[in-house]
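Colleague: only geometry, no sequence info:
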């Protein structure tokens with residue numbers, strides 16, 4: 001019964017670890033219910049099959065009775081297909097097996113103490129879940145849609161390990177000297193292979209960040225250049241206005257002497273409007289943020305998008321202005337892209353920012369159609385989301401680094417993105 005309990009725990013742990021690699025098409029709640037519902041069905045069927053055919057034959061059938069159904073179940077809720085999905089399942093199997101080997105070794109060296117086995121499983125399972133949740137899952141999801149080749153090669157490496165530890169060496173670690181030596185050794189070798197995979201993921205992630213930073217710096221530079229051009233144009237217009245001021249004063253004096261009060265007021269009002277039109281639009285005190293707002297708001301207005309902005313920033317800012325500007329640049333770019341799919345009369349972007357009690361910003365816009373949200377409550381990258389999926393990974397990464405809380409949703413046909421510090 002101890003071996004059956006261990007096998008049932010492996011089924012539950014394996015589904016949990018595979019779930020941590022998953023990018024689901026459904027909400028977190030629905031995904032959890034589905035995954036653990038499948039795990040419960042598999043565990044119940046395992047009990048009946050184990051008692052019907054015995055331990056040895058059950059282990060031979062484990063792939064067909066557990067892993068293949070698990071793969072089919074994950075394919076139903078996962079956004080990914082093909083080798084990427086196989087990689088998710090095999091990774092879950094590998095880390096589950098690694099927990100089993102480490103726990104069995106401690107159990108073996110303790111002289112077969114059952115409490116050592118139970119405690120080892122509890123500790124190693126918790127550490128493995130935390131490692132995947134905090135470190136590997138975020139990295140994996142960030143590169144998932146950017147690594148288009150080589151998945152089959154990674155799957156082959158883990159599949160060879162799978163065949164070795166399940167079929168070619170069917171004994172448990174601690175049961176025979178042969179298995180106790182070979183299985184942990186093979187697991188160690190696969191850990192080195194997996195370390196290479198993680199290194200690959202890290203290099204791809206760094207390349208993505210560098211490319212994104214370069215793009216954002218280019219946007220900021222273009223915005224600053226445009227702001228400088230606008231300032232130069234405004235200065236030139238002011239010079240012309242100052243040059244014409246003498247003529248206007250003479251006109252005003254003549255109208256005053258003639259007693260043309262209404263004409264005089266109209267003339268002064270027209271002159272004042274001309275002066276206001278020459279003044280550059282200023283959205284906030286920080287030059288980088290102001291340049292980004294000017295760039296995207298001007299771009300939106302050229303596309304017939306109405307802009308409503310109310311911006312208040314604390315002094316000093318809680319983060320660097322350059323980093324914060326990338327959040328606004330991504331959010332406003334998404335909003336402009338989404339508004340392009342709407343009739344011109346419905347195009348509108350609302351941008352609000354408050355400084356008290358803490359900095360909080362919100363960018364919202366109407367949507368042309370439904371938005372598909374991922375398990376974390378954010379629009380999934382790709383088609384069918386009105387453009388809102390693009391850039392949100394960068395915003396979420398910014399929030400993780402700077403302790404901000406991002407949230408988004410859909411209300412009365414309007415999509416909103418909020419970031420609170």
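Modeller: Structure received. None of these values were measured; they are calculated from a predicted model.
Colleague: now the strands for this protein?
Modeller: 306-311, 348-354, 360-366, 405-411, 414-420 (DSSP state E).
Colleague: return the distance of the third one from the chain's centre.
Modeller: This points to strand 360-366. Per Cα atoms, centre = their mean, to the nearest Å, the displacement of strand 360-366 from the mean C-alpha position of its chain is 18 Å.
Colleague: which neighbours does that strand have in its sheet, and in what orientation?
Modeller: strand 348-354 (antiparallel), strand 414-420 (antiparallel) (DSSP bridges).
Colleague: will you turn those into TSV that also has mean neighbour count?
Modeller: For glycine as for every other residue, the C-beta is placed from the backbone atoms N, C-alpha and C. Listed next are the strands paired with strand 360-366 as TSV, based on neighbours: other Cβ atoms under 10 Å:
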stretch	mean neighbour count
strand 348-354	19
strand 414-420	19
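Colleague: for the closest residue to residue 209 other than its chain neighbours, give its distance to residue 139.
Modeller: If you skip the residues right next to it in sequence, residue 209 has residue 397 as its closest partner in space, 7.8 Å away by Cβ to Cβ, 6 or more residues apart in numbering. Remark: distance between residue 397 and residue 139 (Cβ to Cβ, to the nearest Å) = 11 Å.
Colleague: and those two? Which one has more around it.
Modeller: residue 397 (18 against 14; other Cβ atoms under 10 Å).
Colleague: mind pulling up the pLDDT for the more buried one?
Modeller: Looking at residue 397, its pLDDT is 79.
Colleague: what of residue 390?
Modeller: 52.
Colleague: just the helices in the stretch 1-150 of the chain please.
Modeller: Listed from the start of the chain, the stretch 1-150 of the chain has helices (DSSP state H, counting those that start in this stretch) covering 2-20, 28-53, 55-62, 68-77, 83-109, 114-131, 137-143.
Colleague: how about CSV for those helices, with mean pLDDT added?
Modeller: Shown next, in CSV, are the helices of the stretch 1-150 of the chain (pLDDT from 0 to 100):
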stretch, mean pLDDT
helix 2-20, 83
helix 28-53, 88
helix 55-62, 80
helix 68-77, 88
helix 83-109, 88
helix 114-131, 91
helix 137-143, 81
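Colleague: pick the most deeply packed of these.
Modeller: Ranked by mean neighbour count, these are led by helix 83-109 with a mean of 21 (mean count of other Cβ atoms under 10 Å).
Colleague: still on that earlier bit, to residue 89, which of the strands paired with strand 360-366 lies closest?
Modeller: With distances scored as Cβ to Cβ, the stretch of the strands paired with strand 360-366 nearest to residue 89 is strand 414-420 (33.3 Å).
Colleague: and the closest one, average pLDDT?
Modeller: Taken as a whole, strand 414-420 has a mean pLDDT of 90.
Colleague: any idea how far residue 398 is from the residue lying closest to residue 396 once chain neighbours are set aside?
Modeller: Nearest non-adjacent residue to residue 396, counting by Cβ to Cβ, 6+ apart: residue 406, 5.8 Å away. Counting by Cβ to Cβ, the separation of residue 406 from residue 398 is 8 Å.
Colleague: again, but for residue 164
Modeller: Noted for residue 164: a distance of 43 Å to residue 398, by Cβ to Cβ.
Colleague: ok, now residue 191?
Modeller: As judged by Cβ to Cβ, residue 191 and residue 398 stand 32 Å apart.
Colleague: quick one, which of these two is more surrounded?
Modeller: For the pair residue 191 and residue 398, the greater number of neighbours falls to residue 398 (18 against 12), based on other Cβ under 10 Å.
Colleague: hmm, residue 327 and the more buried one touching each other?
Modeller: Yes - Residue 398 lies in contact with residue 327 (Cβ atoms under 8 Å); the separation is 5.7 Å.
Colleague: same question for stretch 178-191: list its buried residues.
Modeller: 179, 180, 182, 183, 184, 186, 187, 190 (16 or more other Cβ atoms under 10 Å).
Colleague: ok, now which ones touch residue 13?
Modeller: 96, 99, 125 (Cβ atoms under 8 Å, 6 or more residues apart in numbering).
Colleague: what's near enough to touch the last one?
Modeller: Residues near residue 125 by Cβ under 8 Å, 6+ apart: 13, 99.
Colleague: gap between residue 295 and residue 213?
Modeller: Applying Cβ to Cβ to residue 295 and residue 213 gives a distance of 17 Å.
Colleague: compare these two (neighbour count), which wins?
Modeller: Taking neighbours as other Cβ under 10 Å, residue 295 and residue 213 compare with residue 295 leading, 22 against 14.
Colleague: what about the more buried one, distance to residue 321?
Modeller: Note on residue 295: its distance to residue 321, by Cβ to Cβ, is 14 Å.
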